[in-house]
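[1] return atomic coordinates for the entry below.
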Amino acid sequence: MPIATSKRSAYEFLSDEDDKDDISIASSIDDEEENDDDEEDEEEDLEMDEDGTVKVELGSILPPADPEVEDEEEVLGREGLELGPNEQPFQPGSIVRIKVNNFVTYSQVEVFPGPNLNMVIGPNGTGKSTIVCAVCLGLGWGPGHLGRAKDISEFVKHGAQEARIEIELQGQRGSRNPIIVRRIIREGNASSFTLDGKPISNGKLLKFTRSYSIQIDNLCQFLPQDRVVEFAGLNPIDLMRETQRAAAPPKVLENHENLKKLGKRLKEISNDFESDRATLKSMEDRQAALQQDVERLRERQEVMQKIELLEKARPFIAYTAARKKSNEAKEAFRKSQGELEELKNQVQPMTDAPKIKKRYRDLLDGCVRERKTLVEKKEEEMTRFKDRVLAKYDDEKKKIGDKREAERDAEKGRREAVSKLKARIEKVKKSLENEPPEINLHEFNQRLAEKRRDIRQCWTQAEEKKSEIMPKIDQANRIKTQITRAQTELEDLETATGQRERLLRNMSPDTFRAWHYYKSHKDEFEAEIFGPPVLTCSIKDPKYADVVETLIGINDKKSFVCQTRADYLKFVNACFGKGMGLADVTIRDYSTSRAPTLAHQPGGPIKAEELARYGFDGYALDYMEGPEPVLNMLCNEAGIHRTPISLKDFTPAQNKQMEETNIVQWIAGRTSYRIIRRREYNASSIRLGDIRPATVFKTQQVDQSLKIEIERKISELEEELASVEEEKIAKEREHREIKAMHETLKKEAKDIEGEKTSRQQEVAKFNKMKATLGPLEEDLKLKSVGSEEYKERIRELSNKLVELAVKKAKDALQYGRIIKELVDLHQDLMEAQLRLAEAQSDVDILEKRIEETKTRLENKKQEVSEQAKSMKAKCKRLFHEFTEAEKQIITGFPETKSGEDIDHDIEIETARLSLLHEGNPNAIKQYEDRQAKITALTEKIAKTERKLQELQDAIQELREAWEPKIDILVAKISTAFTKSFEKIGCAGEVKVHKEEDFDKWAVHILVKFRANERLQILNNQRQSGGERAVSTVFYLMALQSLARSPFRVVDEINQGMDPRNERLVHHRMVNIACQEYTSQYFLITPKLLPDLMYHPRMKIHCINSGDWIDAGSVLDNTKYLKIGQALKARGALF
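    Numbering: from 1, shown residues only. Predicted coordinates:
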């Protein structure tokens, strides 16, 4: 039975590669028609697959291939290729299957292409190009390569929220076929990819498809309908690049790109080289012109330097006088030296007397030191005797005294211990009179085990009750949260702002977050940022809500509008990237556009006062209210200022009248109209659309049903909360009771444990006391026997003290003798010290006299020395003021030269200087600076020349590797291209246009369609649309055998061709595309001529669609067998 739900159907006429051909028809009708009586008849007459596809075996009803098919081997360079049927496999990367759901016009369709030429035919608007769109988008490329809608969400079928594209590619040999799935979600303009069921990013998917040499972005391999004109207008330079991408190995294009870079670098360096050479020549010319002025200036400088040296020679006279004074000073110094020697001789006798006194003093000093040594030795002897002998008695006496004290303390301790032992023994005996009763440990342990078991059971019950309480608490909290959320929803429902924000949150959570961020950070921006139209705009008259809202796209409804560029950048940074990391947010700024404000917007195509004449109520902008920047955004994006609207339906005549105006889009009644003009075909068509009910700009009234539902939900939640709270309280009460019982049991167990421990301690204490009685009595017996021993030890210590006193008296007599000897030595020492003091006094008096004499002598010596130093310093100062040059001049002057002679020489040089003009004082510096620049520039030019030679060598080497391959490639293309044109009686050729600049190398397509013309370059101005189409398809066919892509797509290339050329082009395309081992080919065309050539390797896909399905479309096996036989008899399928 049918599987699709849309009012469209897709018919695929499929031809097998064997003798039989299957025709499968996948049809879809409305759900309302699924129960029709015709469906039952169809199920009886036809055999259906599980998915609802009807298959009919027609047998061998297709005509054989044209026997006069021309041989393409010499054109395509493939020898031994036959055009008969074979079982050619799919090449890796070829498309094996395409399946889409809710995509553009299709609810569901599945296409099975063949490995060679796939011809997709059907009337305009049926969805042929939709298959092309599915290939492009399904393999990971964007809508920009289709020349159609810019947003991916616009490819989702109207009324659906999500589209799905599934493409199965032929895998590499020995590998399974990869299956790529792309989901397109209308909300948020989002999409996702999977490869063999695993998620994959867009970038990795593109890398995967490119590994099969799939190039959707190459017009030579993928030419959708809306980009045919773009290909025809492709400039020769771009054509050169696209041709290399399509038909040459990647290394060839890489070499070309490297040649362009090297050529550009060579040009830049060459320009710098020529500029440097010109600069060098100019500098050398200027240097030669300045040579004479520089020589004259140098001579003038020499004269000036000579005058300056003569001026400096004036101090010569002063120097001569100074030298004379210096000689006089030296003579005075020699005279002073003589006077000093005479004074020394006079004081010599005075210096001898102190020497004698000093010798006498030194002798006395030695005697004093000797006697002092004897005294010190005797004192040491006395101290040693005292410390060694007398101190020994004190130590012995102290030791004996300590022993006697220790004996007394020991005796006292013994008596106290005996007393304590007797008292303790008495106490133990008294305690042993009351023996404690025996303890039954087994009974105590049994009682404790029972209590502990009861405690564990009670604890388990308490934990079970606690585990029952926690879910109730969580449940109560969840219900409270739900009640709060529902109350907030109810409050929001009462206000228009709340309803709008609720709607925005459902539409785009990211936009809702961005709006709340702006409201809380409003002060950080220069000017106001206006919220999306969902929040800020309304409809003046509710009757126009559906009409106006239909014009505004989903992204426009939730777009923010900034008034300054700085606010735009700041808000973008806050929303994306390192900010909040949002994705589904649209922010716009028109401050730098041609229409920054609403006042700058141009008027509509028809003046407002004339709209009524055409039957319109006004422009969409007239029925909207909101901030001007937001309305200006809607004018820029949705064109509401140039779209007229009417609530009444238009007649066909009124719609026809609109086609003659400049209006592109209008709305009448419940239908929108949009004119699509194709200048290349000089034709236009009208796209119709339904007016959808408004969801955003509808009248903002409280939704009573939703309000009642929320209030009912709050009431139910409150009842549920009361029930949960009641259950929770009951379980908490039970839990407290169990806990109280648990504490009671614990106390009882503790009491039993305490009683047991107390009884055990009493028994242990009794046994311990009983065991200690014997040792205590034994200890008392030992301590009672020590009194006599104590008395004997005291008598021995007293006798030792008497003996020690006798020995000490004998040693005291010897100590007295030593003291007497020490006194005698001290008297001798005092006598010697007195004599030494007298001698020292005499020496001091003589030394003082000598010191006074020396002071007078030193003063005289200092006076003479200072006079000598003064004269010497003055001479040195005068001499050091001259430079080396001045010293040479002074040395060279004769001693007879006077100051007047120097003045005369200065006058002569000054007169000579006046004859030399000063000129440019900076000429020498300029000359020397320029000479340095000339030297540096000469070195730079030599280095640049070497670099140029290296670049030229590299370019030549790379060109020798690249140019022959380009020549061969273009020659092959030209051969096939020329032969194709010869088949239609015209001429064509492809050439490589070579320039010195590799950026300007190009491929020129030359064509001639009339006998009286010459070959001319193909472009948009010179040839007609049909001629460009023929040339384009022949060029693409010439690439067929060379193409590296596993498949190629051409959409409606035959637009504008006359029937003759269309037939010849089709014939030629079939021959080439159905060659053995060629790549897969998709040809999309809206029309077909009768009796076209057919080849068994072709696969034909017929697409038909409409708002209804004729009852006659139900397949009748007999009918189709008759049709096949008739076609076979005619020799052609078409």
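
[2] these two touch, right, D967 and K994?
    No. Using C-beta atoms under 8 Å, D967 makes no contact with K994, being 9.5 Å away. In this view, the C-beta of every residue, glycine as well, is placed from N, C-alpha and C.

[3] OK, contacts around E438?
    V763 (C-beta atoms under 8 Å, 6 or more residues apart in numbering).

[4] how close does it sit to E762?
    Counting by C-beta to C-beta, to the nearest Å, the gap from E438 to E762 is 11 Å.

[5] overlap of the contact sets of those two?
    What both E438 and E762 touch, as defined by C-beta under 8 Å, 6+ apart, is an empty set.

[6] could I get the phi/psi values of the residue nearest to T243 when sequence neighbours are not counted?
    Nearest non-adjacent residue to T243, counting by C-beta to C-beta, 6 or more residues apart in numbering: V1003, 5.5 Å away. Phi and psi for V1003, reported as degrees, to the nearest 10, are phi -110, psi 120.

[7] V1003 reaches K991, doesn't it?
    Yes. The pair formed by V1003 and K991 meets the contact definition of C-beta under 8 Å, at 7.5 Å.

[8] pick out whichever of these two has more residues nearby.
    Shown here are V1003 and K991; by other C-beta atoms under 10 Å, V1003 has more neighbours (25 against 16).

[9] contacting residues around the more buried one?
    236, 239-240, 243, 970, 990-993.

[10] with K1000 instead?
    Contacts of K1000 by C-beta under 8 Å, 6+ apart are 237, 993.

[11] at 7 Å what do you get?
    Residues in contact with K1000 (C-beta atoms under 7 Å, 6 or more residues apart in numbering) are I237.

[12] ok, so what distance separates P1090 from F981?
    Taken as C-beta to C-beta, the span from P1090 to F981 is 25 Å.

[13] pick out whichever of the two has more residues nearby.
    More neighbours surround F981 than the other of P1090 and F981, with 21 against 9 (other C-beta under 10 Å).

[14] the more buried one and F1009, how far apart?
    9 Å.

[15] ditto for I794
    Taking C-beta to C-beta, one finds I794 at 156 Å from F1009.

[16] these two: who's more crowded?
    Comparing I794 with F1009 by other C-beta under 10 Å, the one with more neighbours is F1009, at 19 against 13.

[17] I'd say the more buried one and E1027 touch.
    Yes. Using C-beta atoms under 7 Å, F1009 is in contact with E1027, at 5.4 Å.

[18] now do the shared contacts for V1003 and K991.
    Joint contacts of V1003 and K991 (C-beta under 7 Å, 6+ apart) are V970.

[19] output stretch 395-406 as CSV, nothing but the C-alphas.
    Provided in CSV are the C-alpha atoms of stretch 395-406 (Å, rounded to 0.1, in the frame of the first residue of the first chain):
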residue,chain,number,x,y,z
ASP,A,395,86.1,16.7,100.0
GLU,A,396,86.7,13.7,102.2
LYS,A,397,85.0,15.3,105.1
LYS,A,398,82.0,16.2,103.0
LYS,A,399,81.7,12.6,101.6
ILE,A,400,81.7,11.1,105.1
GLY,A,401,79.1,13.6,106.3
ASP,A,402,76.9,12.8,103.3
LYS,A,403,77.1,9.0,104.1
ARG,A,404,76.1,9.6,107.7
GLU,A,405,73.1,11.7,106.6
ALA,A,406,72.1,9.0,104.1
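
[20] pull out the buried positions in it.
    396, 400, 404 (16 or more other C-beta atoms under 10 Å).

[21] that's all I had, so thanks and see you.
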